[in-house]
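> Fold the following and give me the result.
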Amino acid sequence: MVITVNAETRKLGKKSERKDLRKGGLTPAIIYGQGKVGTPVQFVTKDFMKAYKKSIGELAIFNVNYNGEDHRCILKAKQVHPVRRDFVHLDFLLLNPGHEVTLLLPIKFVGEPESLKVGGFVDILTRKLQITCLPKDIPEDVEVDISNLGIGDAIYVKDVIIPNVNIKDAEDIALVIIHEIKAIEEDEDEEAEESAVAEVTE
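All right, here's what the predicted structure looks like:
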């Protein structure tokens, strides 16, 4: 997904000045990469948030327009206010067509296992993969089909293949596993019993 947003350049200022920007309905940011000095910019907050919401759950490329030119970037980091939860500052990384970039790729789990009908439940362990690839090969997400998983089955990093993309996570990391509800309940009962025995012993 490519999202176009407009920005204006700004001067690097003190923390108090960035605070004034936010009060005025603007979000400060910086765009860096390709060996260039970072460019401070600002977005109209309501316009940026409207565009940003389209990217939730996907790996988006932002086409940031300022000074009459388009700059293809990814949102590398965001500072969020601890109370209001709005953006305090944004960091964008410029994409170089000939250089690989390392990103976190969202996983979309699709399908409904038949095992859910016989006492199983889905335990999602990982929702993102760390990948390295050229900008032209950046996927929006990766779909992992769990419809054929039975109780006790799992899908691991090694089971995921994405064309022209190198997955950096260890191959033996489990992404999702189907547990049996009964087995979980029995384990909890055993733990509760062991805890009770320990209290009596003490």
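> Based on its surroundings, how many neighbours for residue 150?
For residue 150, the neighbour count with other Cβ atoms under 10 Å is 12. Quick note: C-beta positions are derived from backbone N, CA and C, even for glycine.
> got the contact list for it?
Residue 150 is in contact with 113-115, 120, 178, counting by Cβ atoms under 8 Å, 6 or more residues apart in numbering.
> hmm, try it at 7 Å
115, 178 (Cβ atoms under 7 Å, 6 or more residues apart in numbering).
> can you give me how far the lengthiest strand in the chain is from the chain middle?
Taking DSSP state E as the criterion, the chain has its longest strand at strand 69-80. With Cα atoms, centre = their mean, to the nearest Å as the basis, strand 69-80 stands 14 Å off its chain's centre.
> Check which helices and strands it is in contact with.
Here strand 69-80 touches strand 61-66, strand 87-94, going by 3 or more Cβ pairs under 7 Å, 6 or more residues apart in numbering; DSSP states H and E.
> Could you list the paired strands of it along with their orientation?
If you go by DSSP bridges, strand 69-80 pairs up with strand 61-66 (antiparallel), strand 87-94 (antiparallel).
> could you point out which element follows the last one?
Note on strand 87-94: by DSSP states H and E, the next helix or strand toward the C-terminus is strand 101-110.
> Dump the C-alpha coordinates for that following strand into CSV.
Provided in CSV are the C-alpha atoms of strand 101-110 (Å, rounded to 0.1, in the frame of the first residue of the first chain):
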residue,chain,number,x,y,z
VAL,A,101,15.8,-2.3,4.1
THR,A,102,14.9,-4.2,7.3
LEU,A,103,11.3,-4.0,8.4
LEU,A,104,8.6,-5.6,10.6
LEU,A,105,6.0,-7.2,8.4
PRO,A,106,2.5,-7.8,9.8
ILE,A,107,1.1,-11.4,9.7
LYS,A,108,-2.5,-12.0,8.7
PHE,A,109,-3.9,-15.3,10.0
VAL,A,110,-6.6,-16.6,7.7
